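Next come a sequence and a model predicted from it.
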Amino acid sequence: MRELRLVTWNVWFGDWEREARWRALWDRLGPLEPDVVCLQEVVPETLGSREIGALRRRGYWVSDRRLRDYDVIVAARTGVDAHERVPLPSGMGRELLVAKLAGTPPLTVATVHLESLAHSTPQRVAQLEHIVAHLSAEEDVVLAGDLNFPDGDRPEAEVLAGFVDAWPSVHGADPGFTIDSRVNEMRYVQHGTHKQVRYDRVLLRSPRWRVADVERLGTEPLGDDPFTFVSDHFGLCVRLVADGPFGR
């Protein structure tokens with residue numbers, strides 16, 4: 001059996017205690033020893049941070065050394081055979097980042113931050129149609145990131161009908177909010193209204209890999225400060241397994 005641990009997290013580009021939140025992110029990820037980390041809303045200056053430098057020295061592949069604006073990145077402890085950025089139909093400069101991991105069985109990891117405005121449903125549908133078409137040749141693929149639409153009967157969800165959504169596949173009807181201002185007071189202080197939604201997802205389409213477990217990350221404040229969390233989103237850590245005589 002081969003096992004792979006994947007994390008996705010929108011780390012929020014806001015200025016609120018950004019450096020402390022960035023350090024806390026990696027403090028929380030360290031004990032998990034993730035094989036793949038997909039981050040959204042990464043700001044350019046953090047690519048030169050001590051934490052990213054430490055990842056590279058430990059042998060992690062990191063997708064980028066420069067970003068134009070806040071964007072998505074991938075870090076992988078496994079080898080990466082190929083990677084690409086795919087422009088999406090977007091008014092916000094959104095792109096799909098794809099990394100083909102080395103190893104057997106194969107796995108392609110794609111991360112994205114979809115258009116984020118409430119009225120952007122048509123744009124998100126178009127983006128997802130573009131993503132699904134681009135990934136159609138990949139037999140074993142994970143799509144992870146901030147998809148910016150809630151659960152329910154949504155046009156966006158129809159486009160993703162061929163994928164297994166990790167959270168409900170393990171936790172059933174548990175709502176698994178990844179934005180929850182009733183827990184995350186930093187979110188409430190920033191916006192002044194309450195919001196509870198599950199925007200962040202890990203989606204799997206594969207005949208060989210399956211979702212074994214998934215948990216939320218960052219649901220507790222940092223230290224004694226009740227108003228500062230790693231992000232205004234909670235992260236997800238998904239354990240994927242492939243049954244068979246596979247080595248790591």
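Arrived safely.

right, and the helix or strand after the lowest-mean-pLDDT helix or strand in the chain?
Across the helices and strands of the chain, mean confidence by mean pLDDT, DSSP states H and E is lowest for helix 185-191: a mean of 89. Downstream of helix 185-191, the next assigned helix or strand under DSSP states H and E is strand 196-197.

contacts for whatever helix or strand comes next after that following strand?
As assigned by DSSP H and E, the chain's next helix or strand after strand 196-197 is strand 200-205. By C-beta atoms under 8 Å, 6 or more residues apart in numbering, the list of residues contacting strand 200-205 from outside reads 6, 8-10, 135, 138, 140-147, 160, 162-167, 178, 210-211, 214, 233-236, 238, 240. C-beta: built from backbone N, CA, C; applies to glycine.

What's the mean pLDDT across the helix or strand that strand 200-205 is followed by?
Using DSSP H and E, the helix or strand that follows strand 200-205 towards the C-terminus is strand 209-217. Strand 209-217 shows a mean pLDDT of 98.

So which bits of the least confident helix or strand of the chain are buried?
186-188 (16 or more other C-beta atoms under 10 Å).

ok, now stretch 232-243?
Applying 16+ other C-beta under 10 Å to stretch 232-243 flags 232-242 as buried.

Same check on stretch 222-233?
Those would be 222, 228-233, for stretch 222-233 by 16+ other C-beta under 10 Å.

For L29, state which of those residues is nearest.
V230 (9.6 Å; C-beta to C-beta).

By residue count, which helix of the protein is the longest?
helix 121-134 (DSSP state H).

Contacts for that helix, please.
With C-beta under 8 Å, 6+ apart, helix 121-134 has contacts from 86, 88-91, 94, 96, 98, 110, 112, 114-115, 143, 147-149, 154-156, 159-160, 162.

I'd like the average pLDDT over that helix.
On average, helix 121-134 scores 98.

Distance from the chain centre to it, please.
17 Å (C-alpha atoms, centre = their mean, to the nearest Å).

Okay, angle between that helix and strand 200-205 too, please.
Here helix 121-134 runs at an angle of 30 degrees relative to strand 200-205 (axes from the mean of the first three to the mean of the last three C-alpha atoms, to 10 degrees).

Quickly run through the sheet partners of the helix or strand immediately after helix 121-134 in the chain, with directions.
For helix 121-134, the succeeding helix or strand toward the C-terminus, using DSSP H and E, is strand 141-146. Strand pairing for strand 141-146, using DSSP bridges, gives strand 107-113 (parallel), strand 200-205 (antiparallel).

Can you pull out the low-pLDDT segments for the protein?
Low-confidence segments of the chain (pLDDT under 70): 245-248.

quick one: the helices in it?
Under DSSP H, the chain gives helices at 18-29, 50-57, 121-134, 155-159, 166-171, 185-191.

which residues touch the fifth one?
By C-beta under 8 Å, 6+ apart, the list of residues contacting helix 166-171 from outside reads 174, 176, 198, 201-204, 211, 213-214, 236, 238.

can you count the residues close to R210?
15 (other C-beta atoms under 10 Å).

now R154
15.

count of neighbours near the nearest residue to it once chain neighbours are set aside?
Residue nearest to R154 in three dimensions, not counting chain neighbours: T121, with 7.7 Å by C-beta to C-beta, 6 or more residues apart in numbering. T121 has 15 neighbouring residues, counting by other C-beta under 10 Å.
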